[in-house]
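A.B. asks: I'll drop the sequence and a predicted model, then ask my questions.
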Amino acid sequence: METGIDYKLKETLKRVFGYNTFRGTQEEIIQHVMDGKNTFVIMPTGAGKSLCYQLPAIVKEGTAIVISPLIALMKNQVDQMNAVGINARFLNSTLNKGEMTRVKKETLAGDVKLLYVAPESLTKESNIEFLHKANISFVAVDEAHCISEWGHDFRPEYRKIKSIIKSFGDIPIVALTATATPKVQLDIQKNLEIEEAEVFQSSFNRTNLIYEVKPKKQAKKQLIRIVKEHKGESGIVYCLSRKKVEEIAEFLKVNGVNVAPYHAGMDGNVRMKNQDAFLNEDVDVIVATIAFGMGIDKPDVRFVVHYDVPKSIEGYYQETGRAGRDGIMSKVVMFYSYNDILKLEKFNKDKPVTERENSKYLLEEMALYAESAVCRRKQLLHYFGEEYHVENCENCDNCLHQREHFDGQDYVKKVIESVSQTEERFNLDHLSKVLLGIKSEHVLSYNHHKLKIFGAGKSNDEHFWKSIIRQTLLNEFICKDIDNPGVFKLTPKGVEFMLDPYPVDLVKDHEYETEGEEEE
Ligand code: ADP
Ligand code: ZN
């Protein structure tokens, strides 16, 4: 028999949101939030995170505070809520004094169910004072990965959230994110002090996306071919710079494609107009920087092309994730060249050291992903801490066109030895140097040139060893050390393997030319 609260939730789901059923784990999550427990939701984009705090906010007494870093998104959600008769408001820098006063008054009168707050507004003294007086039901921290330096979108103000919430009293927290590597997940829980929170993690596998990586050669020609294959369908082409956006949009236009550009340097009105034209299907293709897409919910995007290499796997996953939200097969293609990686590294030159190192690490992961011939899906899911044991996904370039396989037993042994002999404290670069027998300053400073494993892999090159180390990782013989980004440790599986080795199926990396690359 349904309890009163179950009925109330279902009734609100239908009446306010117009849905008959919950999706995936939504119901469990919402029950948890209703019970006033700390909750951690990790769900891919488009899976339906918003409902997990909107619905309990409506049913619960008091005002739910939603911390969200994106002002545009905030406005969108508030408009949507208001349109269905729910009193939602936002507090951010776009409000004038009068509007601000009104929002606060309504909130204190208990009329506001959802109050969206930008992190920089939350940290303002006057707002903290106001929130102290409000009757807060719970706090939802959206885009919670912004709290971690090891994510792709670190926001320093996110670090202050917990202490501010604490000052309001013992208020439950719901943290939500669409991307969290195990390292970032731990950071979120530590920073928000919700280590004990129940974690609701849905699979990141987007089964209807076909992943492809292509060498960035004659990229414009390749792009035209992809766009023509999808004539009359919606697609997004991501470029790194505003200039490139303009150039590619113009190029597609002269080739008869119905296209519009989108980037942060454009006039706000034109940008809005282009976005609407894409949503209303007045244009088929939008060429954009990553500024485009945050919170955009167009279900039938049939292809996403990364004309330039993205800065991180997280970004790549988010951007490709905008394709095929309706569940219909869609294609995502990335053009890859190592020159792009080098260019991006140069951009980071002036950043503070830790930030630069993190960006470099994220880029390296990107390059390894692109160059690897292992199933794309397996690699992506592994990156987000999910195991994928399907032999052939049948929907990625590496599964559809398999590269040469070989028995890597002896190589894997060497990798495990290198990790073990260096006492599980070193990264990809260092381990490959040890295997290759390179007496770098770093290697010498640890006396690693005296190890038995030093130089044991010198008949192969660096590229080869990096690929083998990666595949040893993907096969779970070694794993990432969660407390030391980049560092590898042995797994129980790896230890067992050393005691009783067996054949390991490995695959040769792709080879991309780095010299004399012609782009067009
Ligand atoms: P996320 O924040 O995880 O990216 P959203 O909350 O924006 O996802 O939801 C994605 C889409 O799924 C939206 O169009 C939303 O209306 C829809 N949706 C969410 N929950 C349900 C449900 N229970 N039934 C049907 N559609 C849903
Ligand atoms: Zn695959």
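C.D. replies: Everything's here; your move. Ligands and ions are numbered 1, 2, ... in the order given.

A.B. asks: and for residue 94, nearest residue in space, chain neighbours not counted?
C.D. replies: residue 71 (6.2 Å; Cβ to Cβ, 6 or more residues apart in numbering). No exception for glycine: its C-beta is placed from N, CA and C like everyone else's.

A.B. asks: so what's the one you found scoring on pLDDT?
C.D. replies: Looking at residue 71, its pLDDT is 81.

A.B. asks: which residues touch it?
C.D. replies: Listed by Cβ atoms under 8 Å, 6 or more residues apart in numbering, the contact set of residue 71 reads 92, 93, 94, 118.

A.B. asks: and the strands in the stretch 301-450 of the chain?
C.D. replies: 301-306, 330-336, 405-407 (DSSP state E, counting those that start in this stretch).

A.B. asks: is the first one in proximity to ligand 1?
C.D. replies: Read it as strand 301-306. No. Strand 301-306 stays clear of ligand 1 (Cβ under 6 Å from any ligand atom), getting no nearer than 13.2 Å.

A.B. asks: how far does that strand sit from the chain's center?
C.D. replies: On the basis of Cα atoms, centre = their mean, to the nearest Å, strand 301-306 sits 17 Å off its chain's mean C-alpha point.

A.B. asks: with the last one instead?
C.D. replies: Its chain's C-alpha centre and that of strand 405-407 lie 32 Å apart, by Cα atoms, centre = their mean.

A.B. asks: elements contacting it?
C.D. replies: In terms of contacts (3 or more Cβ pairs under 8 Å, 6 or more residues apart in numbering; DSSP states H and E), strand 405-407 is packed against strand 505-507.

A.B. asks: how much space between whatever residue of the stretch 301-450 of the chain ends up closest to ligand 1 and residue 301?
C.D. replies: Residue nearest to ligand 1 within the stretch 301-450 of the chain: residue 325 (7.1 Å; Cβ to the nearest ligand atom). According to Cβ to Cβ, to the nearest Å, residue 325 stands 7 Å off from residue 301.

A.B. asks: would you mark the buried spots in the strand or helix carrying residue 276?
C.D. replies: Using DSSP states H and E, residue 276 sits in helix 268-279. For helix 268-279, the neighbour count (16 or more other Cβ atoms under 10 Å) marks 271, 274, 275, 277, 278 as buried.

A.B. asks: near ligand 1, which residues of this protein?
C.D. replies: Contact residues, the chain versus ligand 1 (Cβ under 6 Å from any ligand atom): 19, 22-23, 26, 43, 45-51, 297.

A.B. asks: could you flag which of the residues you listed are buried?
C.D. replies: For the residues of the chain next to ligand 1, buried by 16+ other Cβ under 10 Å: 22, 26, 43, 45, 46, 47, 48, 49, 50, 51.

A.B. asks: from those residues, which two are the most distant?
C.D. replies: 22 and 45 (18.2 Å; Cβ to Cβ).

A.B. asks: so what's residue 27 up against?
C.D. replies: Contacts of residue 27 by Cβ under 8 Å, 6+ apart are residue 9.

A.B. asks: one more: residue 234?
C.D. replies: 278, 281, 284, 285, 298, 300, 301, 302.

A.B. asks: now those residues in CSV, with distance to residue 367 and pLDDT?
C.D. replies: Output for the contacts of residue 234, formatted as CSV (distance: Cβ to Cβ, whole Å; pLDDT from 0 to 100):
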residue, distance to residue 367, pLDDT
278, 31, 95
281, 36, 93
284, 31, 97
285, 27, 97
298, 30, 89
300, 32, 95
301, 26, 96
302, 27, 98
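
A.B. asks: how long is stretch 236-248 end to end?
C.D. replies: End-to-end span of stretch 236-248 (Cα to Cα, to the nearest Å): 12 Å.

A.B. asks: give me the average confidence score over it.
C.D. replies: pLDDT averaged over stretch 236-248 gives 96.

A.B. asks: in stretch 8-25, what's buried?
C.D. replies: 9, 10, 12, 13, 16, 17, 22, 25.

A.B. asks: residues making contact with that stretch?
C.D. replies: By Cβ under 8 Å, 6+ apart, stretch 8-25 touches 2, 27, 30-31, 34, 43, 47-48, 51, 54-55, 58-59, 84-86, 200, 202.

A.B. asks: which of these count as buried?
C.D. replies: 27, 30-31, 34, 43, 47-48, 51, 54-55, 58-59, 86, 200, 202.

A.B. asks: so which of the residues you listed are in strands?
C.D. replies: Among those, the ones falling in strands (DSSP state E) are residue 200.

A.B. asks: nearest to residue 164 among the buried ones among the contacts of stretch 8-25?
C.D. replies: When these are ranked by distance to residue 164 (Cβ to Cβ), residue 54 comes first, at 22.0 Å.

A.B. asks: contact partners for the closest one?
C.D. replies: 17, 77, 81, 86, 114.

A.B. asks: so which of these sits lowest on pLDDT?
C.D. replies: Per-residue pLDDT puts residue 77 lowest of the contacts of residue 54, at 89.

A.B. asks: out of the residues of the chain next to ligand 1, flag the one nearest to residue 244.
C.D. replies: Closest approach to residue 244 among the residues of the chain next to ligand 1 (Cβ to Cβ): residue 45, at 24.2 Å.

A.B. asks: any idea of the pLDDT on that closest one?
C.D. replies: 78.

A.B. asks: can you check the one 5 residues further on too?
C.D. replies: Here the pLDDT value assigned to residue 50 is 94.

A.B. asks: what does residue 515 give?
C.D. replies: pLDDT, residue 515: 48.

A.B. asks: do you know how far the residue most central in space within the chain is from residue 348?
C.D. replies: Using Cα atoms, centre = their mean, the residue of the chain that lies closest to the mean C-alpha position is residue 314, 3.1 Å off. Distance, residue 314 to residue 348, using Cβ to Cβ: 16 Å.

A.B. asks: ok, residue 274 next?
C.D. replies: According to Cβ to Cβ, residue 274 and residue 348 sit 29 Å apart.

A.B. asks: same check on residue 77?
C.D. replies: Separation of residue 77 from residue 348 (Cβ to Cβ): 33 Å.

A.B. asks: measure stretch 168-188 end to end?
C.D. replies: 20 Å.

A.B. asks: and it, what's its mean pLDDT?
C.D. replies: 93.

A.B. asks: buried stuff in that stretch?
C.D. replies: Buried, per 16+ other Cβ under 10 Å, within stretch 168-188: 171-181, 183-188.

A.B. asks: same thing with stretch 97-114?
C.D. replies: 100, 103, 104, 107, 112, 113, 114.

A.B. asks: nearest to ligand 1 among these?
C.D. replies: Of all the buried residues of stretch 97-114, residue 114 has the smallest distance to ligand 1: 13.3 Å, by Cβ to the nearest ligand atom.

A.B. asks: contacts only, for that closest one.
C.D. replies: 53-54, 57-58, 63-64, 66, 78, 81, 86-89.

A.B. asks: so where's the stretch 401-520 of the chain shaky on pLDDT?
C.D. replies: 513-520 (pLDDT under 70).
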